[in-house]
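[1] How does the following fold in three dimensions:
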Amino acid sequence: MQHLTATDQMTDHPVDTLKRFAFRDSLAASIGKTEELNKSLTRMAEVHNGLATMAEVHNQLGRAAAMQESIERMAGVQNDMAQVAGLTSARRLSDFHQEMTKLWEERARAAAEAREAQSAAGCVRRLEAQIRLFESQLDAAHDVGIRLVNFGSEITFHVTDIGSVEPDLIVFSGKTQAGAPVRLIQQRSQVDFLLTTLERSDPHQPKRPVGFHHQ
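    Numbers count the residues shown, from 1 in each chain. Predicted coordinates for the structure are as follows:
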């Protein structure tokens with residue numbers, strides 16, 4: 001048989017019961033508020049962490065932008081240096097090209113002068129300069145004459161024309177004092193004659209200078 005203690009036998013007073021329920025409700029409310037406060041603190045911590053992360057991201061973006069700007073400035077400097085180097089190289093290349101062009105022109109001119117000196121036409125041009133000078137010293141009553149001495153024989157004739165046949169022939173055309181036509185052909189390296197004066201056969205006709213023909 002089970003014995004009940006005095007305490008067990010006591011019955012709760014209604015007032016005590018109400019107090020116990022009020023205490024439990026107050027404790028539950030306090031716990032709820034504490035939980036809400038903890039949740040609020042947690043949310044605030046999360047927001048703070050998020051703001052800190054955003055600030056760090058912002059700082060990183062700022063550093064990245066500054067680095068990009070520095071890279072762009074360096075690229076601009078490199079481009080400027082490349083342009084300057086390119087202009088310098090182009091100027092040097094242009095100067096070299098001009099010098100080479102001038103050198104080739106001088107060599108081409110020297111080669112042309114050498115060919116001219118070795119050609120029959122070049123010989124006739126040199127003869128022309130000498131005969132024109134001699135002709136300018138004659139009066140209206142005299143013409144240019146050529147005197148040749150070859151193999152012991154001598155011939156003198158009025159010169160009317162001098163021409164060339166490449167590569168090495170010189171042709172003298174004219175008339176003897178008797179009026180007979182004369183044509184003398186000589187090799188360029190063997191041209192040898194004496195310029196002299198002859199009286200004109202018809203001094204009333206206009207004086208005709210010696211003609212020169214270069215082929």
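
[2] so how many other residues sit close to K175?
    Per other CB atoms under 10 Å, the neighbour tally for K175 reads 16. Yep, even glycine has a C-beta here, placed from its N, CA and C like the rest.

[3] State the helix or strand in which the residue most central in space within the chain lies.
    Within the chain, one residue has its C-alpha closest to the average C-alpha position: by CA atoms, centre = their mean, that is A90, at 5.0 Å. For A90, the element it lies in under DSSP states H and E is helix 14-118.

[4] What's the first helix or strand after that helix?
    Sequence-wise, the next helix or strand beyond helix 14-118 is helix 120-135, with elements assigned using DSSP H and E.

[5] Which neighbouring elements make contact with the helix or strand just after that following helix?
    On the C-terminal side of helix 120-135, the closest following helix or strand by DSSP H and E is strand 142-150. Here strand 142-150 is seen to pack against helix 120-135, strand 153-165, strand 194-199 when contacts are counted using 3 or more CB pairs under 8 Å, 6 or more residues apart in numbering; DSSP states H and E.

[6] Now do strand 142-150: distance to the chain's middle.
    When distances are taken as CA atoms, centre = their mean, to the nearest Å, strand 142-150 is centred 61 Å away from the chain's centroid.

[7] what's the neighbour count on D168?
    Taking other CB under 10 Å as the neighbour definition, D168 ends up with a count of 15.

[8] Return the residues in contact with it.
    The contact partners of D168, by CB atoms under 8 Å, 6 or more residues apart in numbering, come to 120, 187-189.

[9] switch to 6 Å and redo it
    By CB atoms under 6 Å, 6 or more residues apart in numbering, the contact list for D168 reads 120, 187-188.

[10] Look up the pLDDT of it for me, please.
    At D168, the model reports a pLDDT of 87.

[11] And it, how far from R115?
    Counting by CB to CB, to the nearest Å, the gap from D168 to R115 is 13 Å.

[12] what do you get for Q68?
    Using CB to CB, one obtains 68 Å as the distance from Q68 to R115.

[13] do T101 as well
    With the distance defined as CB to CB, T101 ends up 21 Å from R115.

[14] Just give the number of residues close to L148.
    Around L148 sit 16 other residues, with neighbours defined as other CB under 10 Å.

[15] Could you do T160 as well?
    Applying other CB under 10 Å, we find 17 other residues in the vicinity of T160.

[16] swap in the one 3 residues further on?
    The criterion is other CB under 10 Å. On that basis, G163 has 19 neighbouring residues.

[17] Hmm, it is touching H213, no?
    Yes - at 3.6 Å, G163 counts as touching H213 under the criterion of CB atoms under 6 Å.

[18] neighbouring strands for the helix or strand containing F172, and are they parallel or not?
    With elements taken from DSSP H and E, the one containing F172 is strand 169-176. Listed by DSSP bridges, the sheet partners of strand 169-176 and their directions read strand 153-165 (antiparallel), strand 181-187 (antiparallel).

[19] Save those as CSV, and put in distance to L41 too.
    Output for those, formatted as CSV (distance: least, CB to CB, whole Å):
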stretch, distance to L41
strand 153-165, 119
strand 181-187, 125
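
[20] and among these, the most buried is which?
    Highest mean neighbour count of the strands paired with strand 169-176: strand 153-165, a mean of 17 (counted as mean count of other CB atoms under 10 Å).
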